[in-house]
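> how does the following fold in three dimensions:
(chains A and B)
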Amino acid sequence: MGGNAWRVLRPLLSRLGQAGLVALLVGCIGFALMHALPGDQAFRLAAERYGPDIVDARAAAAMRAELGLDRPLALQLLEWLGRVVRLDLGRSLVTGEPVIQELRVQLGYTALLAGMALPLSALIGLPLGIAAGLWRGRWPDHAVLSLAVLLRAVPAYALGLALMVLLSVRLRWLPPGGFEGWAELVLPSLTLALGLAAVSSRVARESVAAVAASPVLAFARWKGLSERDAVRRHGLRNAAIPVLAVLGLQLIGLVEGILIVETLFGWPGIGHALVHAIFARDVPLVQGTALIMGLGVVLLNAAVDLACLLIDPRRGRQAA
Amino acid sequence: MSGLAFGRRVAALPCARLAGAGLLLLLLGFGLVGPWLIEADPARQDLMASLAPPGARFLLGADHLGRSMLARLAHAVRLSFLLSGLTVAAAGLLGTALGLLAAWEGGWLDRGLSLLSDTVLALPGLLLVLLVIAFAPGQILPLAGGIALALWVEFFRVTRAQARSLLARPHVEAARLLGFGRAYILGHLILPELAPILFTLAGFGIGGVILTVATLSFISIGLKPPTAELGGMTSEMLPYLAEAPFQALLPSLFVALAVLACHLLAGGRPR
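The predicted structure is shown next:
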């Protein structure tokens, strides 16, 4: 049926539009950044690539010709955006390597970190949230809520530092930073996961509390299902819908967390690269990392949309 | 940030608003009166007292350059509240004004502003702030501007949605038909109804900005040393984390307390 395809296509199309907006915004800022850098661009770029001592007017002229810096601005912007859309992100001004090459390496590390942190946050946040929802209004609820409120107030870097002081400086269980093996992955992913769990526990609590008070569950109990079966077969799937939908919001938290945690622990991922590219004024790398992170959020959000449709068929029918 | 949903949960904590207000008053007092009362210069170094523990001379100890932690903290708290207050005020005024305008005018203006807000929302907030900071890392203007740029959208969307439904209410329509001016209707009929939700947004906004400024200064792209800033202070003390964890983590405690105070005050149920 056409309507059936449409209900899958419509959220995807709106995400595609969002991806376009991300590319446009990041591309324009990237272009403006390139032109806002102080001094003669060609000289500065040549100095960054060859070292400040060897740069003369000839090297700068060669650089200007290489990067096409002498054409009208509007033309350069259009060409710039065209390249951004084709994911042709140019070369890093510092290393001279293609940005996409560097991104591929960094993205792997970031995916590893995020792939550890997300399940870990679910492992911490969901049981706490479900417990709070089932015993709503009593002490587990208040305890989990207070914990979440406190965790949200503590800056992520301080949380990471406190874990570092405790687990690697005092107890010497874990290395404080670097990226040599699995042990180095524990502290950053734990820091990220705790921040995310503060949000996911709250959502899980809300949605479990709503489902626990719903007629669906009351009916399941009334027809004689044990408490355990009622929760497992009628409670969890209904409660999962908002939790999954909020996962999209969590992804934004994940990106922000990754920027901080990677920088703090020296994890060679994409957030670390972005922060260092800002120091070095390596505009193509700034633009590339921001673009990939922005597009990544959109892409994962599209996946969340689809998963929501899958788990809750009512949603598509209502929209159609 | 999803401050509103979070706010509804905070409201479940007993006396949240009272505790938040008390904590905020204490911190504001420390930040506003502290720099006047404490005679020590936050930039005065005494290298003989490097990393001095808390004691009679330095109540909260000294940092690696022998600067008084107490004086630096007072100045940093003042800076945090001033910066976040001004940024949120600017973003809130702009967002609310544009939201009212979009709701009132409708049509292409509404569509254009909504598209603009969608564009800004497409990127995670911190990413947008970083991109704006990249124009001039370590300076206060791009920092505040970038944060305000990411923040106005929240005010805009909430104001627009609420004002649209308010404008369709019978009493507002009656006022329009009776010929009351735009300023009167917006000022007397719409804004008072919006005030509580705007207050909540502003409270969470201030908490969020304090957190963002501290975080960015910690990763050295916010405010630069020697400015006493809560995140930057921790960052400066990082090499001495093992010797003086107290001095290194104390500024973060102040960040957490300030954010907590804002969240409790904004999210608590009014009594």
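> B:Glu154 touches B:Thr200, doesn't it?
No: contact criterion Cβ atoms under 8 Å: B:Glu154 and B:Thr200 do not qualify, at 10.7 Å. All C-beta atoms are positioned from the backbone trio N, CA, C, and that covers glycine.
> pick out whichever of the two has more residues nearby.
B:Glu154 (26 against 22; other Cβ atoms under 10 Å in any protein chain shown).
> which bits of the stretch 101-250 of chain B sit near chain A?
Residues of the stretch 101-250 of chain B lying close to chain A (Cβ under 8 Å from any Cβ of the partner chain) are B:118-120, B:122-128, B:130-135, B:137, B:207, B:211, B:214-215, B:218-221, B:231, B:234, B:238, B:241-242, B:245, B:248-249.
> just the buried ones from those residues?
Buried subset of these (neighbour count, 16 or more other Cβ atoms under 10 Å in any protein chain shown): B:119-120, B:122-128, B:130-135, B:137, B:207, B:211, B:214-215, B:218-221, B:231, B:234, B:241, B:245, B:248-249.
> host element of the residue of chain A found nearest chain B?
Closest residue of chain A to chain B, Cβ to the nearest Cβ: A:Ala158 (3.4 Å). Using DSSP states H and E, the element containing A:Ala158 is helix A:156-163.
> could you list every helix and strand in contact with that helix?
Where contact means 3 or more Cβ pairs under 8 Å, 6 or more residues apart in numbering or on different chains; DSSP states H and E, helix A:156-163 is packed against helix A:183-212, helix A:236-265, helix B:191-218, helix B:230-237, helix B:245-267.
> for the residue of chain A closest to chain B, which non-adjacent residue is closest in space?
Closest residue to A:Ala158 apart from its sequence neighbours, by Cβ to Cβ, 6 or more residues apart in numbering or on different chains: B:Ser252 at 3.4 Å.
> what is the neighbour count of the one you found?
Residues near B:Ser252, counting by other Cβ under 10 Å, number 22.
> any weak-confidence spans in the stretch 201-320 of chain A?
A:313-320 (pLDDT under 70).
> near chain B, which residues of it?
Going by Cβ under 8 Å from any Cβ, the residues of the stretch 201-320 of chain A near chain B are A:202, A:205-206, A:249, A:252, A:255-256, A:259-260, A:263-264, A:274-275, A:278-279, A:281, A:283, A:286, A:290, A:293-294, A:297-298.
> per-residue pLDDT, the residue nearest to B:Gly203 when sequence neighbours are not counted?
Distances taken as Cβ to Cβ, 6+ apart place B:Ala266 nearest to B:Gly203, at 2.3 Å, with adjacent residues excluded. Note on B:Ala266: pLDDT of 83.
> test my guess that B:Ala266 contacts B:Ala202.
Yes: counting by Cβ under 8 Å, B:Ala202 is a contact partner of B:Ala266 at 7.2 Å.
> now the residue nearest to B:Gly203: how far from B:Ile206?
8 Å (Cβ to Cβ, to the nearest Å).
> who's more crowded, these two?
More neighbours surround B:Ile206 than the other of B:Ala266 and B:Ile206, with 27 against 24 (other Cβ under 10 Å).
> show me what contacts that one?
B:Phe81, B:Ser84, B:Gly85, B:Val88, B:Cys262 (Cβ atoms under 8 Å, 6 or more residues apart in numbering or on different chains).
> quick revisit: what's near enough to touch the residue of chain A closest to chain B?
Counting by Cβ under 8 Å, 6+ apart, A:Ala158 has contacts B:Thr234, B:Leu249, B:Ser252, B:Leu253, B:Val255, B:Ala256.
> go again with 10 Å.
A:Ala158 sits next to A:191, A:264, B:214-215, B:218, B:230-231, B:234, B:248-249, B:251-253, B:255-256 when contact means Cβ atoms under 10 Å, 6 or more residues apart in numbering or on different chains.
> and the pLDDT for B:Leu151?
B:Leu151 is given a pLDDT of 92.
> you'd agree it is up against B:Leu94?
Yes: at 9.1 Å, B:Leu151 and B:Leu94 qualify as touching, with contact defined as Cβ atoms under 10 Å.
> on that earlier part again, buried only: go through the residues of the stretch 201-320 of chain A next to chain B for me.
Of those, these count as buried by 16+ other Cβ under 10 Å: A:202, A:205-206, A:249, A:252, A:255-256, A:259-260, A:263-264, A:274-275, A:278, A:281, A:283, A:286, A:290, A:293-294, A:297-298.
> quick one: which of the contacts of B:Ile206 is most hemmed in?
In those, the most neighbours by other Cβ under 10 Å go to B:Cys262, 29 neighbours.
> list the contacts for that one?
Taking Cβ under 10 Å, 6+ apart, one finds A:153, B:3, B:20, B:23-24, B:27, B:81, B:84, B:88, B:202-211 in contact with B:Cys262.
> what's the answer for B:Leu101, then?
Here B:Leu101 is in contact with B:Leu109, B:Asp110, B:Leu113, B:Phe156, B:Thr159, B:Arg160, B:Ala163, B:Leu186 (Cβ under 10 Å, 6+ apart).
> may I ask which helix or strand encompasses it?
Following DSSP H and E, one finds B:Leu101 within helix B:69-105.
> and that helix, how far from the chain's centre?
6 Å (Cα atoms, centre = their mean, to the nearest Å).
> got the angle for the following helix or strand past that helix vs helix B:69-105?
Note on helix B:69-105: by DSSP H and E, the next helix or strand toward the C-terminus is helix B:107-122. For helix B:107-122 against helix B:69-105, the angle by axes from the mean of the first three to the mean of the last three Cα atoms, to 10 degrees is 150 degrees.
> any idea how far the helix or strand following helix B:107-122 is from the middle of the chain?
Next helix or strand after helix B:107-122 toward the C-terminus (DSSP H and E): helix B:125-133. Here helix B:125-133 is found 16 Å from its chain centre; the criterion is Cα atoms, centre = their mean.
> centroid-nearest residue for the chain?
Assuming you mean chain A. A:Val255 (2.7 Å; Cα atoms, centre = their mean).
> my bad, the chain I had in mind was chain B
B:Ile206 (2.1 Å).
> show me the shaky parts of the stretch 1-150 of chain B.
Using pLDDT under 70, the stretch 1-150 of chain B drops low at B:1-14, B:39-40, B:56.
> go again with 90.
Residues of the stretch 1-150 of chain B meeting the criterion pLDDT under 90: B:1-76, B:78-79, B:104-107, B:114-143.
> thought A:Gly254 was touching A:Gly269?
Small correction: residue A:254 is Leu, not Gly. No: A:Leu254 lies out of contact with A:Gly269 (Cβ under 10 Å); the separation is 11.9 Å.
> now do the shared contacts for the two.
With Cβ under 10 Å, 6+ apart, A:Leu254 and A:Gly269 have common neighbours A:Thr110, A:Leu113, A:Ala114, A:Val261.
> what is the nearest of the residues you listed to A:Asp229?
The nearest member of those to A:Asp229, counting by Cβ to Cβ, is A:Ala114 at 34.7 Å.
> hang on, that closest one packs against A:Leu192?
Yes: judged on Cβ under 10 Å, A:Ala114 makes contact with A:Leu192 at a distance of 7.7 Å.
> list the buried ones in stretch B:94-105?
B:Leu94, B:Gly95, B:Thr96, B:Leu98, B:Gly99, B:Leu100, B:Leu101, B:Ala102, B:Ala103, B:Trp104.
> just the C-alphas of it, formatted as CSV.
Below are the C-alpha coordinates for stretch B:94-105, written out as CSV (Å, rounded to 0.1, in the frame of the first residue of the first chain):
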residue,chain,number,x,y,z
LEU,B,94,15.3,38.0,21.5
GLY,B,95,13.7,34.6,21.5
THR,B,96,10.5,35.8,23.2
ALA,B,97,10.2,38.8,21.0
LEU,B,98,10.6,36.8,17.8
GLY,B,99,8.3,34.1,19.1
LEU,B,100,5.5,36.7,19.8
LEU,B,101,6.2,38.3,16.4
ALA,B,102,5.9,34.9,14.6
ALA,B,103,2.7,34.0,16.5
TRP,B,104,1.1,37.4,15.9
GLU,B,105,2.0,37.8,12.2
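> looking at chain B, which residue is nearest chain A?
Here chain B gets closest to chain A at one residue, B:Ser252, 3.4 Å apart by Cβ to the nearest Cβ.
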